[in-house]
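1. Quick one, structure for this:
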Amino acid sequence: MCPKMSVIPTALAVLCLSALTASVGQQVEDPTPPIGHFKVTTTTLLGKHVPCLLLDIGAMYHVGYTKTDNSTAMVSFPLPSNSSVSGECAHLTDERHAHMDLGFDSDAGLGKRGTFGLELVFERELIPGHFWLSKITIYYTLTPGLFPDAKFSGTVMSSTMSTKEFRTSSNVISPHSYLCDRTQTMTFTSTQPEIPASTLSIHYIHLQPFSVPTSGHFSPHKTCPHVEPTPTPSPVIPVGKFALNDSKQNPCFLLSVGVMFHVEYTATDNTTRNATYVLPRNSTVTGSCGDSKAEIKLAFFKGFNLTASFATKSNSSFELVSASVGYRLDQKLFPDAASPGKAVNEVEQDTSLFQTDLGKSYLCKSVQFLDVGRTVTLEVVSLHVQPFEVKSRNFSEVSECAQDVPVTPTPIHNATTIPAINTTAITNTMVPASNATVQTTTHPPNTTNTTATTSMVPISNATTINPSNTTINPSNTTAVPTTTIMTTPKPPTPPPKPPQGHYKVKNAKGQVCLLADMGLQFKVNYTKTGKKKGTAVFNLPKTANCIGSCGTDHSNLTLMFYGDTFSVSFEFIKTVKGNGVGHFHVSSLEISYTEVPSLFSGTANPDARRHVTNNTLNLFSADLDKSYKCNANVTTAVTKDVTIVTSLVQLQPFGIKSGNFSSAEECSEDSSGNNTVPVIIGVVIAAVVVLVFVAYIVINKRKQGSNYRTLN
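-> Here you go, the predicted structure:
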């Protein structure tokens, strides 16, 4: 624990007051705030104080408040560089969290000690290893000297936001820090309409909340998008065209794709390094075709290969069900490898990606990332594949991926769009692509097992289509400049039914511990220009990134989309009812979003970050030994302005066995819907009984009438 530092000096108080004067009634640019250097220390078993959390930060507060005449004003002041610091680092009983509290005040009328400050809570996942800012709180006192004519003068105010900002890959073996020297703005909104929004503008930040070196210096840093040093040339990803033929020499599997392999390996100095290489266009093709299962294997170099297995689903669609990557720790591609020459094979099962109707081909020109095993990430471009019902050497009707849907670009912080990459032929030669940077994205997997009904028939006469013999050297290519934008799809009117996504969370042992299938739609009320009201409606893409954790009594799932600037988080807990039966349910729900104009048409606050939370929910409840299932559309009000509609839901946050759902407990909405058919059948039977009874009476009366004779 660090001792508190001295209070803010008078000179800085004058800076605060001058910022106040400049910010009231006119729009001005932020003055450059001072950069403070802060750290939290811990005591080792030997009694030595060592740093455990480092933070360098320069930030400006922009605090909105209500005046006595109910008008609003804005006050701006910097975070002092000599703020007092306290906090707590990760420890044996809580290895996942760390926090720091920066407090300040002034002898010049800015308040009493501890009434202004900034609190930061950091979180990490131990496997595969990332940290991020999970919660941030600003607090301040409405002192008369700084907030003239404040309606709530003297009141201590605070505002908290849960977030996933500053996400950085880091672990004990290869620790990293996070660095960003461009301005990032966080907006804090209140549920009380009389309290205006406030913002915190972070002009510079360098942080390391975990695995701090004993020297007290930052580990090598990861930077926020587009603040890297002068970019080095990136290798071109060549797109190859490959085909499998059946016994009659007719094509049965078509594939066009460009792949860059990003592989982590251990060096002789026990550090983790990254190797990068591309799939040559003239790779050797083998594989098999079948009615319900097909596989293609691309071999290259010596001991390198990529295998993709596809299967049909319900005789109506196909999907990628597994992928494997084989490689050899060759010194040319893996310099200083701790195990030179070692052969490695990574496998990813139950992927359930690229789902497409049978008779069509799957096309995705956008860049996609696929993790295979623990060490390999595939960067896939210009993917076009048809493993079933191939009619000729040309692809059938195209089914486009969601990423290729026309989009409206909107400038926003912390997002990157990767432009299309030109492709050129490359020969079957090992060429290290050492200048590339590994980018990993977790794709939503599906745990549904697909069983083939026919066996694969090996094909030896596979054909590689190589349209060009041109040779290039990737190291001589020129990097394509990137653009700092986020792309979000412009929603059609009305929005389509949300697609069902398939997500899973694994524990530290690599075992599936949480499964979730769902379609999710958001309906968000917002303010347009002219104080008009609008409602944005958008869906959770089925390609949303998935992170989470599993515990004995608590589990959580976070789905991030649109460049990770939108997210929804579910917190699951266990409960035991009076009869001793255990249940689980969602106890809290958090949603973060950005008012991008492409979704929030005519918004009065373009690109404003929003965050809403509801901690009093009881959703998706089921017995502990079962999964929860609900196909119906269920509407839940998170706040008065944010509503979600869930459909096609099946989830299980505890007790996963063999990576599959347990037997399902259906929701009441599905159960009530299932009663419709029995009711109809009952009505029909009743009507038939009535008709038979009436007919019996009529016939009986006629028979009785025929027994009488006419009297003369």
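2. quick one: least confident helix or strand in the protein?
-> Using mean pLDDT, DSSP states H and E, helix 10-23 stands out as the lowest-scoring helix or strand of the chain, at a mean of 33.
3. immediately after it, which helix or strand?
-> Reading on from helix 10-23 to the C-terminus, the next helix or strand found by DSSP states H and E is strand 36-43.
4. Which of the residues in that next one are classified as buried?
-> By neighbour count, and taking 16 or more other Cβ atoms under 10 Å as the criterion, the buried residues in strand 36-43 are 36, 38-42. Yep, even glycine has a C-beta here, placed from its N, CA and C like the rest.
5. Mind putting those into a markdown table with distance to V638 and pLDDT?
-> Formatted as a markdown table, these follow (distance: Cβ to Cβ, whole Å; pLDDT from 0 to 100):
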| residue | distance to V638 | pLDDT |
| --- | --- | --- |
| G36 | 36 | 89 |
| F38 | 35 | 92 |
| K39 | 38 | 92 |
| V40 | 34 | 92 |
| T41 | 40 | 90 |
| T42 | 38 | 88 |
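6. What's the local residue count around the closest residue to S316 other than its chain neighbours?
-> Sequence neighbours aside, L358 is the residue nearest to S316 in space, at 6.1 Å (criterion: Cβ to Cβ, 6 or more residues apart in numbering). Burial of L358, expressed as a neighbour count using other Cβ atoms under 10 Å, amounts to 16.
7. Surely L358 touches F388?
-> Yes: in this structure L358 lies within contact range of F388 using Cβ atoms under 8 Å: 5.8 Å.
8. returning to that earlier point: local confidence estimate at the residue nearest to S316?
-> The predicted structure scores L358 at 94 on the pLDDT scale.
9. Same check on Y628?
-> What the model reports as pLDDT for Y628 is 95.
10. same check, this time on D623
-> According to the per-residue confidence, D623 scores 91 in pLDDT.
11. Equivalent analysis for T160, please.
-> T160 carries a pLDDT score of 85 in this model.
12. for T529, same thing?
-> pLDDT recorded at T529 is 90.
13. Phi, psi for it please.
-> In this entry, T529 is assigned phi and psi values of phi -60, psi 150 (degrees, to the nearest 10).
14. Run a quick neighbour tally on it.
-> When neighbours are counted by other Cβ under 10 Å, T529 registers 11.
15. Kindly report the same for T266.
-> T266: 18 surrounding residues under other Cβ under 10 Å.
16. any idea how far it lies from T168?
-> According to Cβ to Cβ, to the nearest Å, T266 stands 21 Å off from T168.
17. Could you do N525 as well?
-> Applying Cβ to Cβ to N525 and T168 gives a distance of 34 Å.
18. Compare the two and say which is more crowded by neighbours.
-> For N525 against T168, the residue with the higher neighbour count under other Cβ under 10 Å is T168, and the figures read 23 against 13.
19. Wait, a strand at S247?
-> No: according to DSSP: H, G, I helix; E, B strand; the rest coil, S247 belongs to no strand; its state is coil.
20. Quick one: neighbours of it, just the number.
-> S247 is flanked by 11 other residues according to other Cβ under 10 Å.
21. What strands line up against the helix or strand harbouring L133, and which way round?
-> Using DSSP H and E, L133 sits in strand 130-141. Based on DSSP bridges, the pairing partners of strand 130-141 within the sheet are strand 116-125 (antiparallel), strand 156-169 (antiparallel).
22. got the contact list for the closest residue to N615 other than its chain neighbours?
-> Closest residue to N615 apart from its sequence neighbours, by Cβ to Cβ, 6+ apart: S588 at 4.3 Å. Applying Cβ atoms under 8 Å, 6 or more residues apart in numbering, we find S588 in contact with 570-571, 613-617.
23. ok, which pair from the residues you listed is furthest apart?
-> Comparing all pairs in these by Cβ to Cβ, the longest separation belongs to F570 and T616, at 14.2 Å.
24. out of those two, which sits in the busier spot?
-> Neighbours were counted for F570 and for T616 using other Cβ under 10 Å; F570 has more, 23 against 8.
25. my guess is that one meets H554, correct?
-> No: with contact defined as Cβ under 8 Å, F570 does not reach H554; the gap is 11.2 Å.
26. hmm, back to that, now do the shared contacts for L358 and F388.
-> Contact criterion Cβ under 8 Å, 6+ apart; residues shared by L358 and F388: 312, 318.
27. Can you name the residues that contact D330?
-> With contact set as Cβ under 8 Å, 6+ apart, D330 has these partners: 301-303, 340-341, 430.
28. so which one among those residues has the lowest pLDDT?
-> Across the contacts of D330, the bottom pLDDT score, 39, is held by M430.
29. Nearest residue to L54 in space, please, no chain neighbours.
-> Using Cβ to Cβ, 6+ apart, the closest residue to L54 is Q208 (4.7 Å).
30. contacting residues around D404?
-> Contacts for D404 were tallied using Cβ under 8 Å, 6+ apart; they are 363-366.
31. Most neighbours among those residues, which one?
-> With neighbours set by other Cβ under 10 Å, the maximum within the contacts of D404 is found at C364, which has 22 neighbours.
32. if I look at the closest residue to it other than its chain neighbours, how far off is V512?
-> Using Cβ to Cβ, 6+ apart and skipping residues adjacent in sequence, the residue nearest C364 is C401, 3.6 Å away. C401 sits at a distance of 25 Å from V512 (criterion: Cβ to Cβ).
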